[in-house]
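what shape does this take:
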Amino acid sequence: MNRRNALARLATVALLGALPVSAFAADTIKIGLILPMTGPSASTGRQVSAAVALYQAMNGKTVAGKTVEVIVKDDTGAADQTKRLAQELVVNDHVAILAGFGLTPLALAAAPIATQAKVPEIVMAAGTAIITEASPFIVRTSFTLPQVTVPAAEFTAKSGAKKVVTLVTDYAPGIDAEKAFKEKFTAEGGTVAAELRVPLKNPDFAPFLQRVADEKPDAVFVFVPSGFGGLFVKQFVERGLDKSGIKLIATGDVLDDDLIDQMGDVVLGVTSTHHYSAAHPSPENKAFVAAFEKANGGQRPNFMAVGGFDGMALIYAALKKTNGDTDGVKLVDAMKGMAWTSPRGPISIDPETRDIVQNVYVRTVEKVDGHLYNVEKSAFEAVKDPVKAAKAKK
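Below is the predicted model of the structure:
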């Protein structure tokens, strides 16, 4: 079995190594968009793919005189599927760019393929800090959990909270959030009384919320993936914690724009920090939301959608800069330091880390025209991923 695996890896490397480094002469530039279109994370896939299609509908399917073709593949949220699809897209379909990646393990699974084939990997959704370190060809247009968590810790400390419990989903992004919050909050003079980790599969928040109630903290900081927020808030209210005086502070994943209306009035007044809200008041965002809703039967775009939309904006801008040359090194170099105005606000790509730099907003859930929205109250401007920023200082 080990010998067969080794031979398979060698065959993959040989196939990838045989690919041309540049497809400059090709009339069609292919992008392999790998997303979980089915399975537990299907909402992420639908949001990102819809935003990618919208970008092309608004900006056309040609750039630098060449046609841009997007090939969508469903990895169902399974890392082995992601790796297989990435290999097939590079070897068989000759894609110039890989994109999408709804979860951290999926983005990491494709990283060796991107490196071996020298094909840019544009991460439009996954948020664990280490992802861009997995390959020099990875560029991110989504966010990192520490990037949106450190502002939450600072806001919580400045709001007067001294004792906090953290409650996160037990996988890489959750651990990122837990660590980032604790480091910043304790540096601000606060105490983290308990660090609670909830299983990713079949979560039952009740026993963990009982622990929160027993600790009697000033606030509880929460990260759960998009789609689990409604269940968490429901159980938070059922246990009476909303009336206990314990403040609920969350990352924006908990209050996903795509799902918040379904959560009901129990989330009114909940504070979160995140890089995007459908209620962001800029003209660029108003146009984006209106176009997205029109193209998708009234569905509201969320933070995953804006990551896909900006990922396409980055790809198009890089292709313009290279005049259509799809050499992977040239494309990544073109992306480094690129800056533009997104529906979320001003953003740029850090030339050192290839991660996104963006505003992080403090938001409160309010009712606007009969619907629930995360209404922005203040902003931390031009936030870099704090994990990599800390490494750069050493």
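
and the most centrally placed residue in the chain, backbone torsions?
For the chain, the residue sitting closest to the mean C-alpha position, by CA atoms, centre = their mean, is residue 125 at 3.3 Å. Main-chain torsions, residue 125, degrees, to the nearest 10: phi -140, psi -50.

ditto for residue 195
phi -120, psi 110.

quick check: bridge partners of it?
residue 166 (DSSP bridges).

next, count neighbours for it.
Counted by other CB atoms under 10 Å, the residues lying close to residue 195 total 16. The way it works is simple: take the backbone N, C-alpha and C, and place the C-beta from them, glycine included.

okay, now the residue nearest to residue 345 when sequence neighbours are not counted: neighbour count?
Spatial nearest neighbour of residue 345, excluding adjacent residues (CB to CB, 6 or more residues apart in numbering): residue 359 at 4.6 Å. By the criterion of other CB under 10 Å, residue 359 has 19 neighbours.

wait, doesn't residue 359 sit right on residue 344?
Yes. Residue 359 lies in contact with residue 344 (CB atoms under 8 Å); the separation is 7.3 Å.

pLDDT (mean, whole number) over stretch 232-247?
The average pLDDT for stretch 232-247 rounds to 90.

lowest confidence element among the helices and strands of the protein?
Sorting the helices and strands of the chain by mean pLDDT, DSSP states H and E puts helix 2-17 at the bottom, at a mean of 48.

now the helices: where do they sit in the stretch 151-300 of the chain?
Counting by DSSP state H, counting those that start in this stretch, one finds helices in the stretch 151-300 of the chain at the ranges 172-187, 206-215, 229-238, 260-263, 283-295.

just those: most buried one?
Comparing the helices of the stretch 151-300 of the chain by mean neighbour count (mean count of other CB atoms under 10 Å), helix 172-187 ranks first with a mean of 22.

which neighbouring elements make contact with that one?
Contacts defined by 3 or more CB pairs under 8 Å, 6 or more residues apart in numbering; DSSP states H and E place helix 172-187 against helix 104-117, helix 145-158, strand 163-169, strand 191-198, strand 219-223, helix 386-393.

so what touches it?
Applying CB atoms under 8 Å, 6 or more residues apart in numbering, the contact partners of helix 172-187 are 104-105, 126-130, 144-146, 149-150, 152-154, 156-157, 164, 166, 168, 192, 195, 197, 221, 223-225, 251, 386-387.

could I have the buried ones of those as ChimeraX selection syntax?
To isolate the buried ones among those in ChimeraX, judged by 16 or more other CB atoms under 10 Å, type:
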select :104,105,126,127,128,129,144,145,146,149,150,152,153,154,156,157,164,166,168,192,195,221,223,224,225,251,386,387
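
okay, angle between the very next helix or strand once past the least confident helix or strand of the chain and helix 104-117 too, please.
Per DSSP states H and E, the first helix or strand lying C-terminal to helix 2-17 is strand 28-35. Between strand 28-35 and helix 104-117, the angle comes out at 150 degrees (axes from the mean of the first three to the mean of the last three CA atoms, to 10 degrees).

list the buried ones in the helix or strand just after strand 28-35?
Per DSSP H and E, the first helix or strand lying C-terminal to strand 28-35 is helix 42-59. By neighbour count on 16+ other CB under 10 Å, the buried set for helix 42-59 is 42-56.

what is the nearest of these to residue 260?
residue 43 (12.8 Å; CB to CB).

show me the contacts for that closest one.
226-227, 258-259, 304.

quick one: which of those is nearest residue 87?
residue 304 (24.6 Å).

how far away is that closest one from residue 45?
Distance, residue 304 to residue 45, by CB to CB, to the nearest Å: 9 Å.

overlap in contacts, those two.
residue 102.

name the nearest residue to residue 61, sequence neighbours excluded.
residue 68 (5.3 Å).

tell me how this protein divides into domains.
As assigned by automatic domain parsing, the chain contains the domains 3-143+283-354, 146-274+359-393.

what about the shortest one, start to end distance?
Distance between the two ends of domain 146-274+359-393: 17 Å, counting by CA to CA, to the nearest Å.

how long is stretch 275-290 end to end?
19 Å.

for it, give me every contacting residue.
By CB under 8 Å, 6+ apart, stretch 275-290 touches 54, 143, 147-148, 252, 257, 300-303, 306, 309, 341-345, 358-361, 363, 368, 373-376.

ok, now with 7 Å
With CB atoms under 7 Å, 6 or more residues apart in numbering as the test, stretch 275-290 has contacts from 143, 148, 257, 300-301, 303, 306, 309, 341-345, 358-361, 363, 368, 373-376.

all good on my end, thank you.
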